[in-house]
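Engineer: Compute the structure for the input listed below.
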Amino acid sequence: MKKYHKLLLGLLFDAAGFVSFIIPGIGEFSDIIWAPISAWLMTKLYKGKTGKIAAVVSLVEEALPFADVIPTFTVMCFYTYVFKTTTVLKQD
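Structural biologist: The predicted structure follows:
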């Protein structure tokens, strides 16, 4: 999957997480449903250890009241493709 495709999906999934702010009271109930779905989607978009860690962060962030302002999918995309550095092992 191309990085721009992941970015667009991430923006879409983050927007879905923001929907709970539209309907006060009922919106927080929707987070109970959305939290495990967002964690599962995170593991599908990002494989390996970082995907699992991001899934836990996404689950907690979506489950906490009023924490939906954090765009977890977008942050993960930027972390993966912009900020993450790879270490080159020096061979003797």
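Engineer: tell me the SS of Val69?
Structural biologist: Secondary structure, DSSP: H, G, I helix; E, B strand; the rest coil: Val69 is coil.
Engineer: wait, Ala63 sits on Ile33?
Structural biologist: No - taking contacts as C-beta atoms under 8 Å, Ala63 lies outside contact range of Ile33: 10.6 Å. Just so you know, the C-beta spots here come from the backbone N, C-alpha and C atoms, and that holds for glycine as well.
Engineer: Look at those two and report which has more neighbours.
Structural biologist: Ala63 (16 against 11; other C-beta atoms under 10 Å).
Engineer: Next, the more buried one: phi, psi?
Structural biologist: Torsion angles at Ala63 (phi, psi; degrees, to the nearest 10) stand at phi -80, psi -30.
Engineer: residues contacting it?
Structural biologist: Neighbouring residues of Ala63 by C-beta atoms under 8 Å, 6 or more residues apart in numbering: 31-32, 35.
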